[in-house]
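Asker: sequence plus predicted model, see below.
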Amino acid sequence: MNELLAIKHDELLTEFNRYVMTHPEFLNNIPDQALIVLLDPEDHEFNRYNLERMRNARHNDDLPNRAVIYVDIGELAPVQSRLINPRVLRRPADAMVLTG
C-alpha cells in the first residue's frame, strides 16, 4: 500500500508544482526552504503516510528549525487528454512511414 501512497504523493507534488508555476503568488506565504506537506482532506490514510514522511525528513534534516507548511490540496480536476485534433487514418501518411 505504501507504494500506492508514494505514487499519489508524486502525482500531487507534480500537480502542486504545476499550480505554483501558473500561480506563483501562492508561494508568497511559504517561507524559503520550508518543508511542504501535502494533505488530502478526502484521504486520511494518505495524510498519515505523508505526515510520517515529514517526521522522517525532519529527523534527518540538516536545518533542524526548518519551517513546516501544510498544504490542503483542495480538489483535483479530472485527468484529461492533452491531444488536440487527433485523426483516424486509413493508412499512415507519407511523412509518418519509417524507411529503412
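Answerer: Nice, I can see it.
Asker: quick check: mean pLDDT of the helix of greatest length in the chain?
Answerer: Criterion DSSP state H: the longest helix present in the chain is helix 2-22. Here helix 2-22 scores 94 as its mean pLDDT.
Asker: buried residues in it?
Answerer: Of all the residues in helix 2-22, those buried under the rule 16 or more other C-beta atoms under 10 Å are 5, 8-9, 12. No exception for glycine: its C-beta is placed from N, CA and C like everyone else's.
Asker: using PDB, list the CA coordinates for it.
Answerer: The C-alpha trace of helix 2-22 is given here as PDB (Å, rounded to 0.1, in the frame of the first residue of the first chain):
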ATOM      1  CA  ASN A   2       2.900   2.400   0.700                       C
ATOM      2  CA  GLU A   3       3.800   2.100  -3.000                       C
ATOM      3  CA  LEU A   4       0.300   3.400  -4.000                       C
ATOM      4  CA  LEU A   5       0.600   6.200  -1.500                       C
ATOM      5  CA  ALA A   6       4.100   7.100  -2.800                       C
ATOM      6  CA  ILE A   7       2.700   7.200  -6.300                       C
ATOM      7  CA  LYS A   8      -0.100   9.500  -5.100                       C
ATOM      8  CA  HIS A   9       2.400  11.800  -3.400                       C
ATOM      9  CA  ASP A  10       4.500  12.100  -6.600                       C
ATOM     10  CA  GLU A  11       1.300  12.900  -8.600                       C
ATOM     11  CA  LEU A  12       0.200  15.500  -6.100                       C
ATOM     12  CA  LEU A  13       3.700  17.000  -6.000                       C
ATOM     13  CA  THR A  14       3.700  17.300  -9.800                       C
ATOM     14  CA  GLU A  15       0.300  19.000  -9.700                       C
ATOM     15  CA  PHE A  16       1.400  21.300  -6.900                       C
ATOM     16  CA  ASN A  17       4.500  22.300  -8.900                       C
ATOM     17  CA  ARG A  18       2.300  23.000 -12.000                       C
ATOM     18  CA  TYR A  19       0.000  25.000  -9.800                       C
ATOM     19  CA  VAL A  20       2.700  27.300  -8.400                       C
ATOM     20  CA  MET A  21       4.200  27.700 -11.900                       C
ATOM     21  CA  THR A  22       0.900  29.300 -13.000                       C
END
